[in-house]
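Novice: I'll drop the sequence and a predicted model, then ask my questions.
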Amino acid sequence: MHGDGFVDGNSAAGMFAEALGLDITTAVVTCAGCGRGGPFAETHVYDQGPGVVARCTTCEAVVARLVRTPTDAWLDLRGARSVRIPLSQ
Amino acid sequence: MTRTAPVRRRTPWLAARVRAVRSETSVSRTIVLEVPGWPGHAAGQHVDVKLTAPDGYSAQRSYSIAAPPSGDLVELTVQRVEDGEVSPYLVDELLPTDELEVRGPIGGWFTWRPSEPGPVLLVAGGSGIVPLMAMVRERALAGSTAAFSLVYSVRGPSDVFYASELSAADIPVRLLYTRVAAPDRPAGRITAADLPPSADAKVYVCGPTGFVEAVSEVLLARGQDPASIRTERFGPSGG
């Protein structure tokens, strides 16, 4: 019922906006595993668990994890070598 | 006492009131929300919707915005996911004056702006038409002459959202039926033969993950520049 089990970074953008106050979809995330860089919007997002997990489209390594508790958002970016955030549209 | 400088505001939840509802198909409807303080949006963006029960339990889902901004009105089209938690309420029960919360607009990647010259190819699978319809409407509203073309895959004729509006649109619209044979096409999933040439176009693809993957593969196989393809995949996410 759930396609290939993932959606994409567009669907997780609300949680990132809530936690960071920025539009994560246009940020370029470079995978620490394989070095592939691309817009966060294109990452494969798995959102059926307690948090959301974004995986690299090339090697499927985890590039970002975001878990929300009632009071805090926990962001784990250790799978990203860099996150490049556009400063103006 | 002087006021402290405001901290940077994160995307807040905004109170929304239902202004109107209208059916699109037997399992979907458009909901027009009045959202005081709405900052406006670009075609292709979405909102998070939050419902809160009297006991405090809340659930949230993402829905694409279906139309260009008009003051503080935000128009969504929602399809009912059977056994879903949120969409059956939105499609079957929500009434004008009901209240809920929205957060947005969200997502600057899957967007089209009237300043972009085109050409544009839009490829929709099922309710993936919603953000693409926002682009079609934005183009018309802005008087853009960008060359647009829409390919829209649905199960059958009764599943087409915005049917009368699309049949009157001044852009080529190709409907593909996956479960119903048409005079010029057998029933079936989208193939390369269903897509018009798009070598110089920006291509927006929105639909269920499997649909988006299939269309992306077709486009890449025929040499489409990956940088010209923008995709948005959705799943029921609990509906």
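Specialist: That came through fine.
Novice: Tell me, how many residues neighbour B:Lys81?
Specialist: Actually, residue B:81 is Val. It isn't Lys. Using other CB atoms under 10 Å in any protein chain shown, B:Val81 is surrounded by 20 other residues. Just so you know, the C-beta spots here come from the backbone N, C-alpha and C atoms, and that holds for glycine as well.
Novice: repeat for B:Tyr63
Specialist: A count of nearby residues for B:Tyr63, using other CB under 10 Å, gives 24.
Novice: can you pull the pLDDT of it?
Specialist: You'll see B:Tyr63 listed with a pLDDT of 95.
Novice: how close does it sit to B:Leu150?
Specialist: 20 Å (CB to CB, to the nearest Å).
Novice: Show me what the top strand by length along chain A is packed against.
Specialist: Taking DSSP state E as the criterion, chain A has its longest strand at strand A:62-68. On a contact count with 3 or more CB pairs under 8 Å, 6 or more residues apart in numbering or on different chains; DSSP states H and E, strand A:62-68 meets helix A:13-20, strand A:28-31, strand A:52-55, strand A:73-76.
Novice: give me the beta-bridge partners of the residue positioned nearest the centre of chain A?
Specialist: Residue closest to the average C-alpha location in chain A (CA atoms, centre = their mean): A:Ala54, at 4.2 Å. Under DSSP bridges, the beta-bridge partners of A:Ala54 are A:Val45, A:Ala64.
Novice: where along chain B do the strands fall?
Specialist: Under the criterion DSSP E, strands of chain B are mapped to B:13-25, B:28-34, B:46-52, B:58-64, B:73-79, B:99-106, B:120-125, B:148-154, B:173-177, B:202-208, B:229-234.
Novice: Can you pull the domain assignment for chain B?
Specialist: B:14-106, B:120-233 (automatic domain parsing).
Novice: what about the last one, distance to the chain center?
Specialist: Same thing as domain B:120-233. For domain B:120-233, the separation from the chain centroid amounts to 12 Å (computed by CA atoms, centre = their mean, to the nearest Å).
Novice: end to end, how far does that domain reach?
Specialist: End-to-end distance for domain B:120-233: 19 Å, by CA to CA, to the nearest Å.
Novice: So is it next to chain A?
Specialist: Yes. Domain B:120-233 lies within reach of chain A by CB under 8 Å from any CB of the partner chain, at B:Pro208, B:Thr209, B:Gly210, B:Val212, B:Glu213, B:Arg230, B:Thr231, B:Glu232, B:Arg233.
Novice: Produce a ChimeraX select command limited to the buried residues of these.
Specialist: Restricted to buried positions by 16 or more other CB atoms under 10 Å in any protein chain shown, the ChimeraX selection for the residues of domain B:120-233 next to chain A reads:
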select /B:208,209,212,213,230,231,232,233
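Novice: Quick one: the residues of domain B:120-233 next to chain A as JSON lines, columns for pLDDT too.
Specialist: Below are these laid out as JSON lines (pLDDT from 0 to 100):
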{"residue": "B:Pro208", "pLDDT": "95"}
{"residue": "B:Thr209", "pLDDT": "94"}
{"residue": "B:Gly210", "pLDDT": "94"}
{"residue": "B:Val212", "pLDDT": "97"}
{"residue": "B:Glu213", "pLDDT": "95"}
{"residue": "B:Arg230", "pLDDT": "98"}
{"residue": "B:Thr231", "pLDDT": "97"}
{"residue": "B:Glu232", "pLDDT": "97"}
{"residue": "B:Arg233", "pLDDT": "94"}
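Novice: Now the two most distant members of the residues of domain B:120-233 next to chain A.
Specialist: Largest separation among these by CB to CB: B:Gly210 and B:Arg230, giving 17.9 Å.
Novice: Find me the pLDDT at B:Gly239, would you?
Specialist: pLDDT, read off for B:Gly239, is 71.
Novice: If you could redo that for A:Leu75, that was the one I meant.
Specialist: 97.
Novice: again with B:Arg9
Specialist: pLDDT, read off for B:Arg9, is 64.
Novice: tell me, how many neighbours does the residue lying closest to B:Arg189 once chain neighbours are set aside end up with?
Specialist: In space, and not counting its chain neighbours, B:Arg189 is closest to B:Thr178: 5.6 Å by CB to CB, 6 or more residues apart in numbering or on different chains. Applying other CB under 10 Å, we find 16 residues neighbouring B:Thr178.
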